[in-house]
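**Q** Next input, structure requested:
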Amino acid sequence: MIANYKGKDFFGISRGRDLIELRSSCSEDNTFVYKDGIYTKCVKKAECSNVRRCWLFATYEDEYFEVLKINCDFERIMVGMDISNTYMSELMDMKSAYDMGREIYGWCDINKFSGFYILFDDYSNHIDNNKRVIDRDEIIEYMKLLVVIDNTSVR
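**A** I've put the predicted structure just below:
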């Protein structure tokens, strides 16, 4: 999720019914605590405005894929795609892939993707009003903040 706290947007993780853990790559003030490469602060949800759900996506050709994880070297991302997708063999390391029914999850070279974006509020509606285009460095930074780094991925 993304929550606006004191006029600034932060990635956040829900911590129960009433709390949000705000996450930042830099020290916002002396109330943020540094641990494992990120600064965090727990606040009441009522202290935040414009709390939105969000998902990260990568684009390749004319298709988009949800980004689920990034490896510890920040060179490969795990994406999910339909098993009938025509780009699966071009993008995905099939040795790392695992079958989830109609979807396959697997590792892909981050540099193969032409773009990235954050989708807000409606997972199924990829219109311009619901997304913000980001670059490669931003998606890496956001994945770090969301702590979806995989230290066990194979090469």
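**Q** List the residues that contact the spatially most central residue of the chain.
**A** Closest residue to the average C-alpha location of the chain: Leu56 at 4.2 Å, with C-alpha atoms, centre = their mean. Shown in contact with Leu56 (C-beta atoms under 8 Å, 6 or more residues apart in numbering): 66-67, 116-119, 139, 142-143. Placement of C-beta: from N, CA and C, glycine included.
**Q** and what of Arg15?
**A** Applying C-beta under 8 Å, 6+ apart, we find Arg15 in contact with 21, 42.
**Q** one more time with 6 Å, if that's ok
**A** Glu21 (C-beta atoms under 6 Å, 6 or more residues apart in numbering).
**Q** For the protein, which segments are assigned as helices?
**A** All helices of the chain, identified by DSSP state H, fall at 88-91, 136-145.
**Q** Now the lengthiest strand in the chain - C-alpha only, PDB.
**A** Counting residues, the longest strand in the chain under DSSP state E turns out to be strand 63-71. Output of strand 63-71 as PDB, limited to C-alpha atoms (Å, rounded to 0.1, in the frame of the first residue of the first chain):
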ATOM      1  CA  GLU A  63       2.000  -7.100 -22.300                       C
ATOM      2  CA  TYR A  64       2.400  -6.400 -18.600                       C
ATOM      3  CA  PHE A  65       3.400  -8.800 -15.800                       C
ATOM      4  CA  GLU A  66       3.000  -8.400 -12.100                       C
ATOM      5  CA  VAL A  67       6.400  -8.200 -10.300                       C
ATOM      6  CA  LEU A  68       6.400 -10.500  -7.200                       C
ATOM      7  CA  LYS A  69      10.000 -10.500  -6.000                       C
ATOM      8  CA  ILE A  70      13.500  -9.300  -6.900                       C
ATOM      9  CA  ASN A  71      16.600 -11.300  -6.300                       C
END
